[in-house]
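Q: Based on what follows, work out the 3D shape:
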Amino acid sequence: GLCGEVIRHTGSCVSEQSAARIGLSCVGRFQRFGIAARILLFGAFGFGCFAVGAVHHDRGDGGLPFVVGDRQTEIAVARTQQWNERHEGRDVERYGGLADDLLSGGESQPFERFLVIARRDQIELRREPHGIEHFGVGHPKQGIVHIIGPELGFTQPGMTIVCGDSHTSTHGALGAVAFGVGTSEVEMVFASQCILQTKPRTMRITVEGALRPGVEAKDVILYIISKLTASGGTGYFIEFAGSTIRSLSMEGRMTVCNMSIECGARGGMIAPDEKTFEYLRGRERAPQGASYDEAVARWRELYSDPDAVFDREYRFDAADIAPMITYGTNPGMGMAVDGTIPADADPKALEYMGFRPGERMLGKAVDYVFVGSCTNGRIEDLRRFARLVEGRRKADNITAWIVPGSKGVEAAARAEGLDRILAAAGFELRQPGCSACLAMNADKIPAGKYSVSTSNRNFEGRQGPGARTMLSGVAVAAAAAVTGVISDPREVFDM
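A: Next comes the predicted model:
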């Protein structure tokens with residue numbers, strides 16, 4: 001499958017220096033395989049990080065396979081205490097950090113500002129002696145790690161990407177093997193440039209056909225998760241395929257791969273194609289000129305063979321997908337916005353949400369609307385929302401947070417006049433960051449209030465203690481924002 005192609009076609013053998021670093025005595029054992037993957041390390045908890053250069057080796061003796069880092073670049077910290085003397089003397093080219101989780105979309109509150117500055121200062125103290133690049137607060141390239149990775153061209157087909165954040169699967173949209181790791185594993189990569197991983201099973205999810213009016217990428221993945229459940233992908237790595245997936249924009253593909261973790265999968269990916277190559281062309285950290293042409297020639301080889309066998313396969317018809325919304329407390333509790341809550345829905349989840357089996361979601365009250373996050377905080381999402389609400393007005397009962405995923409997205413939105421369209425409709429384009437996706441900053445949903453959110457998780461308290469989250473795509477969020485209740489965007493916007 002595609003995972004195997006990524007490993008087979010990229011990188012070079014692990015160096016003797018790298019092997020010595022982690023105490024390996026038999027370099028030839030790895031060189032005989034002649035295979036390597038590029039590894040890109042990202043970090044969460046407010047700061048992101050990047051690394052490149054690794055070799056994958058499966059021991060083949062029932063033990064844990066591991067990925068060996070041959071060189072690293074663009075790394076920061078998941079937790080700043082991990083940035084210690086362990087990296088001294090390594091063949092590290094360059095480090096870099098960024099701020100995301102800690103940032104709300106509005107003016108920082110005093111405590112939040114102190115928190116961000118304190119962590120930034122810890123980064124600054126550690127980066128100075130090593131010439132570390134820092135995408136910190138106020139930096140023109142600051143943003144959510146899973147937004148700026150592709151946006152700046154750090155993320156490329158054929159890379160193996162790990163991060164101290166579960167939504168690292170986002171980068172699979174560009175044909176990378178990308179998955180989240182724990183804090184201890186982040187430290188493992190810092191210390192040894194290696195990581196121990198069990199081999200996941202393979203799953204292919206194929207979606208065929210044209211999407212109906214009003215249906216977007218977020219609806220596709222919410223529909224898939226509603227069929228698989230929140231644990232249906234556990235132990236698997238997913239390849240998304242089919243004409244529907246290929247028809248999606250790169251932003252849409254990122255939305256799909258971003259939420260692959262929400263069905264329990266280790267990660268998700270899509271084979272790179274002409275859309276991928278054009279998306280990366282000219283991006284700051286992508287190959288340029290002749291190097292770009294050489295890279296594309298390699299990237300074209302990253303696809304599953306026609307006879308590839310997967311451990312599990314699912315097939316869905318795009319015609320069956322409607323605009324979606326969740327009714328419960330995990331992303332698998334999803335339904336068509338014009339449907340009814342299932343009779344067998346989890347009673348505990350319904351009690352938390354204040355819903356009952358058999359009820360319709362249409363017409364239910366909404367207090368907050370959040371458009372943003374690493375799932376739907378890209379320029380395509382802001383364009384869609386702005387065009388839908390253009391010429392209308394925000395409902396008086398709605399508090400709306402429209403948050404770009406990066407400074408680059410914010411700049412593009414302002415350059416296109418989206419901020420003016422939003423302002424005319426009663427909305428405000430806020431500052432970039434993770435904002436209301438999770439209750440780690442000032443943007444919290446009050447207890448008992450209902451939020452229609454384009455983010456990725458609706459767990460109890462995810463957006464604030466007692467907050468009630470309903471996940472949706474941009475169109476459903478826009479419909480709620482202008483009507484003040486759950487509404488079908490196909491009817492509100494005559495789609």
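
Q: From now on I want contacts and neighbour counts done on CA atoms only, so please keep to that.
A: Will do.

Q: Flag the shaky bits of the stretch 151-300 of the chain, pLDDT-wise.
A: In the predicted model, the stretch 151-300 of the chain carries pLDDT under 70 at residues 189-194.

Q: Can you show me the CA trace of stretch 411-421 as PDB?
A: Only the C-alpha atoms of stretch 411-421 are listed here, as PDB (Å, rounded to 0.1, in the frame of the first residue of the first chain):
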ATOM      1  CA  ALA A 411      -3.300  38.000   5.800                       C
ATOM      2  CA  ALA A 412      -4.900  36.200   2.800                       C
ATOM      3  CA  ALA A 413      -8.300  36.800   4.200                       C
ATOM      4  CA  ARG A 414      -7.700  40.500   4.800                       C
ATOM      5  CA  ALA A 415      -6.200  40.800   1.300                       C
ATOM      6  CA  GLU A 416      -9.300  39.300  -0.200                       C
ATOM      7  CA  GLY A 417     -11.600  41.500   1.800                       C
ATOM      8  CA  LEU A 418     -13.100  38.700   3.700                       C
ATOM      9  CA  ASP A 419     -12.700  40.700   7.000                       C
ATOM     10  CA  ARG A 420     -14.900  43.400   5.500                       C
ATOM     11  CA  ILE A 421     -17.600  40.900   4.300                       C
END
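
Q: now that stretch, how far from the centre of its chain.
A: 23 Å (Cα atoms, centre = their mean, to the nearest Å).

Q: which residues sit in contact with residue 300?
A: With contact set as Cα atoms under 8 Å, 6 or more residues apart in numbering, residue 300 has these partners: 272, 273.

Q: Look up how far residue 430 lies from it.
A: Computed with Cα to Cα, to the nearest Å, the distance linking residue 300 and residue 430 is 39 Å.

Q: go on, residue 201?
A: 41 Å.

Q: same check, this time on residue 448
A: If you go by Cα to Cα, the gap between residue 448 and residue 430 works out to 24 Å.

Q: What of residue 470?
A: With Cα to Cα as the criterion, residue 470 and residue 430 are 21 Å apart.

Q: And the two? Which one has more around it.
A: residue 470 (30 against 18; other Cα atoms under 10 Å).

Q: give me phi/psi at that one?
A: For residue 470, the backbone dihedrals (degrees, to the nearest 10) come out as phi -120, psi 110.

Q: Against residue 462, how distant is it?
A: Distance from residue 470 to residue 462, counting by Cα to Cα: 11 Å.

Q: cool, residue 377 as well?
A: In terms of Cα to Cα, residue 377 sits 18 Å off from residue 462.

Q: more neighbours, the two?
A: A side-by-side neighbour count of residue 377 and residue 462, using other Cα under 10 Å, places residue 377 first with 28 against 21.

Q: didn't that one look like it was pressed against residue 408?
A: No - counting by Cα atoms under 8 Å, residue 408 is not a contact partner of residue 377; they are 11.1 Å apart.

Q: How many neighbouring residues does residue 391 have?
A: 11.

Q: excluding its backbone neighbours, what's nearest it?
A: Once flanking residues are discounted, residue 391 sits nearest to residue 425: 6.6 Å by Cα to Cα, 6 or more residues apart in numbering.

Q: these two touch, right, that neighbour and residue 394?
A: Yes - counting by Cα under 8 Å, residue 394 is a contact partner of residue 425 at 6.0 Å.

Q: what's the pLDDT at residue 85?
A: If you check residue 85, the pLDDT there is 43.

Q: whoops, residue 431 was the one
A: Confidence for residue 431, expressed as pLDDT, is 88.

Q: One more: residue 72?
A: pLDDT at residue 72 comes out at 30.

Q: Residue 425 and residue 394: which is more packed in?
A: Taking other Cα under 10 Å, residue 425 and residue 394 do not tie; residue 394 has more neighbours (22 against 18).

Q: From residue 332, how far off is the residue lying closest to that one once chain neighbours are set aside?
A: Closest residue to residue 394 apart from its sequence neighbours, by Cα to Cα, 6+ apart: residue 482 at 4.5 Å. Separation of residue 482 from residue 332 (Cα to Cα): 27 Å.

Q: follow-up on the earlier one: who's in contact with the residue nearest to residue 394?
A: Contacts of residue 482 (Cα under 8 Å, 6+ apart): 389, 392, 393, 394, 395.

Q: Same check on residue 361?
A: Going by Cα under 8 Å, 6+ apart, residue 361 touches 327, 337, 338, 339, 340, 341, 486.

Q: Max pairwise distance over these: which two?
A: Greatest spatial distance among the contacts of residue 361 (Cα to Cα): 341 and 486, at 13.5 Å.

Q: now for the strand or helix carrying residue 162, which elements pack on it?
A: Element membership for residue 162, per DSSP states H and E: strand 159-163. For strand 159-163, the elements it packs on are strand 38-42, strand 177-180, judged by 3 or more Cα pairs under 8 Å, 6 or more residues apart in numbering; DSSP states H and E.
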